[in-house]
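Chemist: Below is the sequence, then the predicted model.
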Amino acid sequence: MDKNFTVGQSNELVVNDIFYDLHNVYQLKDLTFDGNELRILFELDGKELELPKQLVLVFDGVTFLQFSEEINPKRFWAVEEMGYKSFDDFDDDWLATEQQSEFKDHLFIRLVGNGFIRVYSKHAKLVEL
């Protein structure tokens, strides 16, 4: 997957040496999928920090997408951890780190409460709103 970010310490995304803590600072607010593009919107969790109020993860050219049964975009979700899984590995007890991952691995986002989003796309980017 061609992407503009890396996964930091399992719960943060890093873009141009800027760390976005998706576990402690942001919550998943909404997600949309139109058959090609997945957009995951994160909002600042009420903290008065000098950070963007919203972030969006955009996956363009999605070729694999799986949600857990617990996903409900009308709820607020916090990210528990992020990592990578080989396309043929569905044992999500452990995730590969950025350094252990390969280009063809799926991004796995585990949410608080064991919900998850697993995605692979041609391109992925984190954008500040």
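Modeler: Here it is on my side, so go on. The model shown is predicted, which means the values in this text are computed figures rather than measured ones. Numbers count the residues shown, from 1 in each chain.
Chemist: Give the bridge partners for the nearest residue to Asn4 once chain neighbours are set aside, please.
Modeler: Leaving aside its chain neighbours, Asn4 sits nearest to Lys125 (4.4 Å; criterion: C-beta to C-beta, 6 or more residues apart in numbering). Every residue, glycine included, has its C-beta placed from N, CA and C. Beta-bridge partners recorded for Lys125 (DSSP bridges): Val58.
Chemist: Give me the most central residue, this structure.
Modeler: Centroid-nearest residue in the chain, with C-alpha atoms, centre = their mean: Ile109, separated by 4.9 Å.
Chemist: Would you indicate which residues of the lowest-mean-pLDDT helix or strand in the chain are buried?
Modeler: Within the chain, no helix or strand scores below strand 26-33, which has a mean of 90 by mean pLDDT, DSSP states H and E. Buried positions in strand 26-33, judged by neighbour count with 16 or more other C-beta atoms under 10 Å: Tyr26, Gln27, Leu28, Lys29, Leu31.
Chemist: how distant is it from the center of its chain?
Modeler: 10 Å (C-alpha atoms, centre = their mean, to the nearest Å).
Chemist: Give me the contacts around that strand.
Modeler: 20, 38-45, 54-55, 62, 65, 71, 73, 76-79, 111, 117 (C-beta atoms under 8 Å, 6 or more residues apart in numbering).
Chemist: In three-state terms, label the residue located most distally from the centre of the chain for me.
Modeler: The C-alpha centroid of the chain is most remote from Glu48, which lies 22.8 Å away (C-alpha atoms, centre = their mean). Secondary structure, DSSP: H, G, I helix; E, B strand; the rest coil: Glu48 is coil.
Chemist: residue ranges with poor pLDDT in this protein?
Modeler: 70-76 (pLDDT under 70).
Chemist: Mind jotting down where the strands sit in it?
Modeler: With DSSP state E, the ranges of strands along the chain come out as 2-3, 6-7, 12-15, 18-21, 26-33, 37-44, 54-67, 79-85, 106-111, 116-128.
Chemist: for the longest one, packing partners?
Modeler: Same thing as strand 54-67. strand 26-33, strand 37-44, strand 116-128 (3 or more C-beta pairs under 8 Å, 6 or more residues apart in numbering; DSSP states H and E).
Chemist: If anything else comes up later, I'll come back, but that's it for now.
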